[in-house]
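Undergrad: Structure, please.
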Amino acid sequence: MAYVTTKDGVEIFFKDWGPKDAQAIMFHHGWPLSSDDWDAQLLFFVNKGYRVVAHDRRGHGRSSQVADGHDMDHYAADVAAVVAALDLQEVVHIGHSTGGGEVARYVARAESGRVGKAVLIGAVPPIMLKTDAYPNGLPLETFDGFRASLAADRSSFYRELAAGPFYGFNRPAAEPLPAVIDNWWRQGMMGGAKAHYDGIKAFSETDFTDDLKAINVPTLIMHGEDDQIVPIDNSARLSIDLLSKGELKVYPDFSHGMATVNAETINADLLAFVEG
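TA: Numbers count the residues shown, from 1 in each chain. Predicted structure coming up:
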């Protein structure tokens, strides 16, 4: 397996598939998952001739289960370490949920020439938490509940998220997909509880307003209108107004996990943006 060691000694696992001279696309997973969550996109784009790169965030998947550094600044620095090690140029960065926040923080600070485009899918920016600047955000008690559930019984908490709101399987007309639920749970349990616990603060309390304003590459925001994890009115519909080169694509009835359960639609739209 391939790893990059960061400046603070963390081993970051990554996948690097496809021709090394092809256009590179880097994928950034959500909490508390791993690069495996991008299987449908990695296979789609590598079969189209692209170079695809995806890493496991520190404390997640196969990366080091370290106790510290579970914040957006470290996440972005870890991305920069992978990009530098592979010497990637003009990359299209695609992030889902927490990974969308990671993309925003990294792209806003990236070295010149490293980034070509960005995509935020069901992403947490500008901020999930209710603040004076964003009074319609979610209350702190919501995220305290996540932390309490994780600490009490992480395995059951993850199973309930995957079987319920994450993919919209709790909707009356939904048909739950047991294998998808199992795969979500598997990925979550691969990571470290400390990283996941601290990561709740990172994805909920980080304010990406300035990052979004600083992004100067074409950026596509994709969001499901029935996203129960990151409500669209608190995220995508606010983020689009902060981007100088942004485009918003809304998917009626799609869930937070639309890149998996609606992969055919999402992949086609991603390809159109990458090639556009």
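Undergrad: C-alpha from now on. contacts and neighbour counts both.
TA: Noted.
Undergrad: roughly how far is the helix or strand hosting V250 from the heart of the chain?
TA: Assigned by DSSP states H and E, V250 falls within strand 246-251. Centre-to-centre, strand 246-251 and its host chain are 16 Å apart (CA atoms, centre = their mean, to the nearest Å).
Undergrad: For this structure, which segments count as helices?
TA: Ranges of helices within the chain are 39-46, 72-86, 98-109, 140-163, 178-190, 193-205, 209-214, 236-239, 258-261, 263-275, based on DSSP state H.
Undergrad: Show me the one of these that comes nearest G30.
TA: Among those, the nearest to G30 by CA to CA is helix 98-109 (4.7 Å).
Undergrad: the inter-axis angle of the closest one versus helix 72-86?
TA: Calculated by axes from the mean of the first three to the mean of the last three CA atoms, to 10 degrees, helix 98-109 forms an angle of 70 degrees with helix 72-86.
Undergrad: which residues are in contact with helix 98-109?
TA: 28-31, 72-73, 75-77, 79-80, 93-95, 115, 118-125, 203, 208, 211-212, 214-216 (CA atoms under 8 Å, 6 or more residues apart in numbering).
Undergrad: which of those count as buried?
TA: 28-31, 72, 75-77, 79-80, 93-95, 115, 118-125, 203, 208, 211-212, 214-216 (16 or more other CA atoms under 10 Å).
Undergrad: re earlier: neighbouring strands - and their directions - for the strand holding V250?
TA: Its sheet considered, strand 246-251 pairs with strand 219-224 (parallel) by DSSP bridges.
Undergrad: Output the strand it pairs with as CSV, restricted to C-alpha atoms.
TA: Extracted in CSV, the C-alpha atoms of strand 219-224 (Å, rounded to 0.1, in the frame of the first residue of the first chain):
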residue,chain,number,x,y,z
THR,A,219,-16.2,25.5,-8.7
LEU,A,220,-19.2,23.3,-9.0
ILE,A,221,-21.5,22.8,-6.0
MET,A,222,-23.7,19.7,-6.2
HIS,A,223,-26.3,19.2,-3.4
GLY,A,224,-29.3,17.0,-2.9
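Undergrad: Lovely, talk soon.
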